[in-house]
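> Sequence first, then the predicted structure, then my questions.
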Amino acid sequence: AQSVTQLGSHVSVSEGALVLLRCNYSSSVPPYLFWYVQYPNQGLQLLLKYTTGATLVKGINGFEAEFKKSETSFHLTKPSAHMSDAAEYFCAVSEASGTYKYIFGTGTRLKVLA
Amino acid sequence: DTGVSQDPRHKITKRGQNVTFRCDPISEHNRLYWYRQTLGQGPEFLTYFQNEAQLEKSRLLSDRFSAERPKGSFSTLEIQRTEQGDSAMYLCASSRGVLDEQYFGPGTRLTVT
């Protein structure tokens, strides 16, 4: 069965500092991987996705993530945090077959300090 | 592309009452998903439709839950005899194809008192 682990339910960074949100997954088949952001009282917005091809993927708002098969990881990074990045971030995995339903991690709440 | 819409956005109901939520996916999307999100957790899969066919249901979807997608357009999720444990955010998502990401609606927040 697939699963997703997000290390750190809360992460605080200073404005301008590097953002690193960790995601590890388990899957018996090559997965599709996603990062979503959720602002208060809103739905989820896609930041970036990995399906096939280049393992370093760039997303919106300056975020990027690297798929590392050997480490079963898909960590999210941003070189310089902005106050507007404060939100909850979810990593998700889906099998590349069947219903393609998502399995989500428990989320990481990012706080950006002025 | 007007996005995925859900109605209502908030619902407060008393235990034992029935509730129904509606989801309108993006018009050309034939894949539709329902998820449930409780406080401090990530969304959990409930059920999946491809066009009008319900192809998968999670074990989370007890007999009190039923979902439909008539004519492969909008979808409804009904909860009968609500319980306090049903309090959660119910999210709907749609996608066009297998390599496409899911687009999420704003959710319906259910509070059972």
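Received, thanks. Residues are numbered from 1 along each chain as shown, chains lettered A, B, ... in the order given.
> got the residue ranges for the helices in chain B?
Secondary structure of chain B by DSSP state H: no helices are present.
> Can you tell me the centre-most residue of it?
With distances taken as Cα atoms, centre = their mean, B:Trp34 lies nearest the centre of chain B, 3.5 Å away.
> Skip the chain neighbours and tell me the closest residue to the spatially most central residue of chain A.
Centrality entry for chain A: nearest residue to the mean C-alpha point is A:Trp35, 3.4 Å, by Cα atoms, centre = their mean. Residue nearest to A:Trp35 in three dimensions, not counting chain neighbours: A:Leu47, with 4.3 Å by Cβ to Cβ, 6 or more residues apart in numbering or on different chains. Using the backbone N, CA and C atoms, a C-beta is placed for each residue, glycine as well.
> just the strands in chain A please.
Using DSSP state E, the strands found in chain A span residues A:3-5, A:10-14, A:19-21, A:24-26, A:31-38, A:44-50, A:56-58, A:64-68, A:73-78, A:87-95, A:103-104, A:108-113.
> Check chain B too.
Taking DSSP E as the criterion, chain B carries its strands at B:5-7, B:10-13, B:19-24, B:31-37, B:44-50, B:53-57, B:65-68, B:75-79, B:88-95, B:103-104, B:108-112.
> and the residue of chain B found nearest chain A, how many neighbours does it have?
Here the residue of chain B nearest chain A is B:Gly42; by Cβ to the nearest Cβ that distance is 3.2 Å. By the other Cβ atoms under 10 Å in any protein chain shown criterion, the neighbourhood of B:Gly42 contains 22 residues.
> Dump the strands of chain A into a markdown table; add distance to B:Ala88 and mean pLDDT as well.
What follows is the strands of chain A, written out as a markdown table (distance: least, Cβ to Cβ, whole Å; pLDDT from 0 to 100):
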| stretch | distance to B:Ala88 | mean pLDDT |
| --- | --- | --- |
| strand A:3-5 | 19 | 93 |
| strand A:10-14 | 21 | 97 |
| strand A:19-21 | 24 | 98 |
| strand A:24-26 | 24 | 93 |
| strand A:31-38 | 14 | 94 |
| strand A:44-50 | 15 | 95 |
| strand A:56-58 | 31 | 96 |
| strand A:64-68 | 28 | 95 |
| strand A:73-78 | 25 | 97 |
| strand A:87-95 | 15 | 93 |
| strand A:103-104 | 14 | 95 |
| strand A:108-113 | 18 | 97 |
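> Can you tell me which of the ones you listed is nearest to B:His10?
For those, distance to B:His10 was read as Cβ to Cβ. The smallest value, 16.8 Å, belongs to strand A:31-38.
> got the contact list for B:Leu61?
With contacts defined as Cβ atoms under 8 Å, 6 or more residues apart in numbering or on different chains, the neighbours of B:Leu61 are B:Leu46, B:Thr47, B:Ala67.
> Reformat those residues as CSV; add pLDDT.
Conversion of the contacts of B:Leu61 to CSV gives the following (pLDDT from 0 to 100):
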residue, pLDDT
B:Leu46, 96
B:Thr47, 96
B:Ala67, 97
